[in-house]
Every structure is written in C-alpha cells, then in structure tokens.
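K.L.:
okay, here's the prediction I keep looking at, along with the sequence it came from:
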Amino acid sequence: MALLWALAWVIVGLAILISDGGIGRLARLPQLWVFLLIPAVWGAIGGAAFAGFVAVLGARRGWNALGVRHAVVWGALSGLAAPIVLAVLRSVAVAPLRWSDAQVLFGIALTSVVVNGALAAGTIALAKRGEQANRDLEAAQP
C-alpha cells in the first residue's frame, strides 16, 4: 500500500510543480527525481501509517467492516504522520519551529490530510469491490 500511495503522491507532486511554474519549469529542473523523491517518501509514510491503522482495526472484521467514512478519517489521520515526523525532525535537528515554519507546515499538513483521505477512500472502495468480485465468483462456481 505504501508503494501505491507513494506513486499517487508523485503525481500530486508533479501537479503542484506544474501549477507552481508551468510545464517549462520541469525542463529547468535538472534533477527531477530528487524533487519527486520528497512526495514519494511522504506518500509512503502516509500509506504505511494507513496500512497500520487498517491492520489493527480491520484484522478481525475484514475490509467490509471498515466503511468509506471511517477510511477517510483514518486516511486523514495517516496524512498527519509525515508532517508530525517532519516537525519533530526539524525541531530536533535544526531548531524549534518558528511561527512562519508552523504556518507552512500547517498548509502542507492540510494538503496531506485531504490527499490521504481521498486515497484511503479509494483504497477501501477498491478493496470492497475486489471482495465482492471474489464472492460473486465463488457463488457462480458449482
């Protein structure tokens, strides 16, 4: 799940890069992979956190017990994992967060919460669809 979410975050990172400076900015960016590594790691952290939430909460009941609304909430919470890690690392390694840093981090966290909530809803919807397809196949076999 972390790998798929990392890929989705790379797409989000590309969209942010393009909206910020247009397509021409991609050509001027000498090492695009370095820029895309950041959202990939961000997405992997969020995807792993969401997978952990699902593993703990849905272990006994399966995917169908986890509703889409609950998935959005847990996905949004997983979206806070990377900003919290970033804030702690920044505070420990560099210096305590200043107000301007906190405002930027809040904007990043808000984006992360929205994107991860949407990814969580999509993940649960696809998982439920797959479970339903398996049940239909089992019911069709004699």
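P.N.:
Yep, that arrived.
K.L.:
any idea which helix or strand in the protein has the lowest mean pLDDT?
P.N.:
Among the helical and strand segments of the chain, the one scoring lowest on mean pLDDT, DSSP states H and E is helix 23-28, with a mean of 62.
K.L.:
tell me the first helix or strand C-terminal of it.
P.N.:
helix 32-58 (DSSP states H and E).
K.L.:
remind me which residues of the chain are low pLDDT?
P.N.:
Scanning the chain for pLDDT under 70 picks out the ranges 20-32, 58-65, 142.
K.L.:
for it, which helix is longest?
P.N.:
Secondary structure of the chain read by DSSP state H shows that its longest helix is helix 99-140.
K.L.:
and the angle for that one with helix 32-58?
P.N.:
Using axes from the mean of the first three to the mean of the last three Cα atoms, to 10 degrees, the inter-axis angle of helix 99-140 relative to helix 32-58 is 60 degrees.
K.L.:
what is helix 99-140 packed up against?
P.N.:
If contacts are counted by 3 or more Cβ pairs under 8 Å, 6 or more residues apart in numbering; DSSP states H and E, helix 99-140 sits against helix 2-21, helix 32-58, helix 68-78, helix 81-93. (Glycine included, C-beta is placed from N, CA and C.)
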